[in-house]
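everything below, folded, please.
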Amino acid sequence: MTAIHLQDLDIYYGESRAVQGVNLDVASGESFALVGESGSGKSTILKAIMGLAPDWTGTIEVDGAARSHGTDRAFSAHCQMVFQDPYSSLHPRKTIDAALAEPLLIHGKPNRDKRVVELLAEVGLDARFRFRFPHQLSGGQRQRVAIARALALEPKLLLLDEPTSALDVSIQAEILNLLKRLRRERGLTYLMVTHNLPVVSFMCDRLAVMRHGKIVETADVATLRSGQFDSAYARDLYRLSEPDQTEQTP
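Prediction:
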């Protein structure tokens, strides 16, 4: 089954076309990466799927259902996004308990206190963190809370926008291992944006290489590990990443 289907997708910011003619299919249960230089349109695609980039043409389907423009409350129970910066994605004046309980309250979920404790446990945090504020947590702990919040409504699809790039290198592997475990245990589908090819090699099954808003190549992770891409741009991207692979691979 196809979890995400994009066809002839163009995304605009005013007069500027940020994404051009993207065609992409992500299978249910797959972990798929969008890679490329900053400004290549990767995060813009995630935002369009979530309804945060409403000016687009073409087709966006999730589990066979066409996405409308704008946000959709029912869709948020099926698909959630984890943002790049845990320092800004959590409200600074809300406790962790309030942040995790909010989606449960909005969607009328029962047993919210119990569920908040369960969510914290799933991401490796104990109940002592419930009534702390974001500034009282480390960057890695904040990102764990952000992941817990994304899981609150039991979605099957997570959109991951550079989920470790704002963290210390020593913490990145912990978060990637957490995401890998959650995918295995929950049968999740991931669409991940990153510029870090070793992360893709560790986390993903396939990847699409983007440049100037277009997909220039789609490949499996075996191709990534060998560096035997078809396009010159993808090969250049691979060569640029080589010096970092030994020290950054989780």
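
list the contacts of the residue nearest to the spatial centre of the chain.
Of all residues in the chain, the one closest to the mean position by C-alpha atoms, centre = their mean is residue 160, 0.8 Å from it. By C-beta atoms under 8 Å, 6 or more residues apart in numbering, residue 160 lies in contact with 81-82, 179, 190-194. All C-beta atoms are positioned from the backbone trio N, CA, C, and that covers glycine.

would you turn those residues into CSV with secondary structure, pLDDT and distance to residue 232?
Putting the contacts of residue 160 into CSV (DSSP: H, G, I helix; E, B strand; the rest coil; pLDDT from 0 to 100; distance: C-beta to C-beta, whole Å) gives the following:
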residue, secondary structure, pLDDT, distance to residue 232
81, strand, 96, 32
82, strand, 96, 32
179, helix, 97, 31
190, strand, 98, 28
191, strand, 98, 26
192, strand, 98, 24
193, strand, 97, 22
194, coil, 94, 21
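
need those residues in CSV with distance to residue 64, can you?
Converted to CSV, the contacts of residue 160 look like this (distance: C-beta to C-beta, whole Å):
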residue, distance to residue 64
81, 20
82, 24
179, 25
190, 19
191, 16
192, 22
193, 23
194, 27
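
the residue nearest to the centre of the chain: which element?
Here residue 160 sits within strand 157-161, counting by DSSP states H and E.

next one: residue 241
helix 232-248.

mean confidence for that helix?
For helix 232-248, mean pLDDT is 73.

identify all contacting residues around stretch 111-129.
96-97, 100-101, 104-105, 109, 130, 137, 141, 144-145, 147-149, 151-152, 178, 182.

repeat that for 6 Å
96-97, 100-101, 104, 144, 147-148, 152 (C-beta atoms under 6 Å, 6 or more residues apart in numbering).

mind listing what residue 139 touches?
Applying C-beta under 6 Å, 6+ apart, one finds that residue 139 lies in contact with 86, 167.

oh, that last question was meant for residue 30, not what I typed.
By C-beta under 6 Å, 6+ apart, the contact list for residue 30 reads 189, 205.

mind doing that once more with 8 Å?
Counting by C-beta under 8 Å, 6+ apart, residue 30 touches 3, 189-190, 205-206.

for this protein, what spans make up the strands?
2-13, 16-27, 31-35, 56-62, 65-66, 79-82, 157-161, 189-193, 206-211, 214-220 (DSSP state E).

out of the contacts of stretch 111-129, who's nearest residue 236?
Residue 236 has its nearest neighbour among the contacts of stretch 111-129 in residue 147, at 32.6 Å by C-beta to C-beta.

quick one: the closest one from residue 164, how far?
11 Å (C-beta to C-beta, to the nearest Å).

quick one: which of the contacts of stretch 111-129 sit in helices?
96-97, 100-101, 104, 144, 147-148 (DSSP state H).

which among these gets closest to residue 224?
residue 147 (24.4 Å).

on that earlier part again, Throw the contacts of residue 30 into CSV and include distance to residue 20 and neighbour count, thanks.
As requested, the contacts of residue 30 are exported to CSV (distance: C-beta to C-beta, whole Å; neighbours: other C-beta atoms under 10 Å):
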residue, distance to residue 20, neighbour count
3, 23, 22
189, 25, 25
190, 24, 24
205, 25, 16
206, 21, 20
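
residue 46: which of those is nearest?
residue 190 (11.1 Å).

about what we covered before: in contact with the nearest residue to the residue nearest to the centre of the chain once chain neighbours are set aside, which residues?
Spatial nearest neighbour of residue 160, excluding adjacent residues (C-beta to C-beta, 6 or more residues apart in numbering): residue 192 at 4.2 Å. Applying C-beta under 8 Å, 6+ apart to residue 192 gives the contacts 31-34, 159-160, 163, 199-200, 203-204.

what is the burial count for residue 229?
18 (other C-beta atoms under 10 Å).

neighbours around the closest residue in space to it that isn't next to it in sequence, how many?
Once flanking residues are discounted, residue 229 sits nearest to residue 235: 4.9 Å by C-beta to C-beta, 6+ apart. Using other C-beta under 10 Å, residue 235 has 15 neighbouring residues.
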